[in-house]
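Colleague: A predicted structure for the sequence below; I have some questions about it.
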Amino acid sequence: MSYLNIKDEKLLPTITELNTLLADYSVYYQKLRSFHWNVLGHNFFDLHELFENMYNDAKIKIDEIAERILTLRHHPVSNFSDYLKMSSVKESSPLISDADMITTLMDDHKKILQQMSNVVKKADSCGDEGTIDLIGAYIRELEKSSWMLNAWSKKTSEQLSLKGSKLK
């Protein structure tokens, strides 16, 4: 039974991009868990909790992306070795400072946001509104998380000295 109004061959580019996004999120998820386990210092309590919230959110998104691929009548990539090959998000050492963890995650966000944009472009070209809707919400949420991580990384004294100027 065909419940989609899109031909399978038109969906293939979207499926490819969704699988890449699934790989990105899977590597990102594991990195968040690693940072959660290994964060140290004065920011331990805040970042330990933040990283747990972030990996719980990523876990939900991983499941939803995989289920979207299944909804589109394809199978999601599911081997971690394949994720490592496909993903633009790379593993990193957990033995870094809290500030470096945040910088690493902001860099990962940039890569994931680019991949989300790739998904939306392919989905738009074949009229896949369900995927566009799903990923559009993810973009909004990840942009907000990126803003918050960026705000955390700023030195308050430097920002206050920029009174009246545009925030950088």
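Modeller: That came through, no problem. Numbers count the residues shown, from 1 in each chain.
Colleague: can you tell me the centre-most residue of the chain?
Modeller: Nearest to the mean C-alpha position of the chain, by Cα atoms, centre = their mean, lies residue 112 at 4.6 Å.
Colleague: low-confidence stretches in the protein?
Modeller: Filtered on pLDDT under 70, the chain yields the residue ranges 1-2, 158-168.
Colleague: give me the buried positions along the longest helix belonging to it.
Modeller: The residue-count maximum for a helix in the chain (DSSP state H) belongs to helix 8-38. Neighbour counts over helix 8-38 (16 or more other Cβ atoms under 10 Å) mark 11, 13-36 as buried. For the C-beta atoms, the positions are set from N, CA and C on the backbone; glycine is no exception.
Colleague: which SSE is immediately downstream of that helix?
Modeller: Counting by DSSP states H and E, the next helix or strand C-terminal to helix 8-38 is helix 44-71.
Colleague: tell me the gap between that next one and the middle of its chain.
Modeller: Computed by Cα atoms, centre = their mean, to the nearest Å, the chain-centroid distance of helix 44-71 equals 9 Å.
Colleague: who does it touch, helix- and strand-wise?
Modeller: Contacting helix 44-71 under the criterion 3 or more Cβ pairs under 8 Å, 6 or more residues apart in numbering; DSSP states H and E are the following elements: helix 8-38, helix 98-125, helix 129-153.
Colleague: let's see it at 6 Å
Modeller: Judged by 3 or more Cβ pairs under 6 Å, 6 or more residues apart in numbering; DSSP states H and E, helix 44-71 is in contact with helix 8-38.
Colleague: taking helix 98-125 as reference, get the angle to the helix it packs on.
Modeller: Here helix 8-38 runs at an angle of 170 degrees relative to helix 98-125 (axes from the mean of the first three to the mean of the last three Cα atoms, to 10 degrees).
Colleague: distance from helix 8-38 to the middle of the chain?
Modeller: Mean C-alpha position of helix 8-38 versus that of the full chain (Cα atoms, centre = their mean) differs by 7 Å.
Colleague: do stretch 112-128 as well
Modeller: Centroid separation for stretch 112-128 versus its chain: 14 Å, with Cα atoms, centre = their mean.
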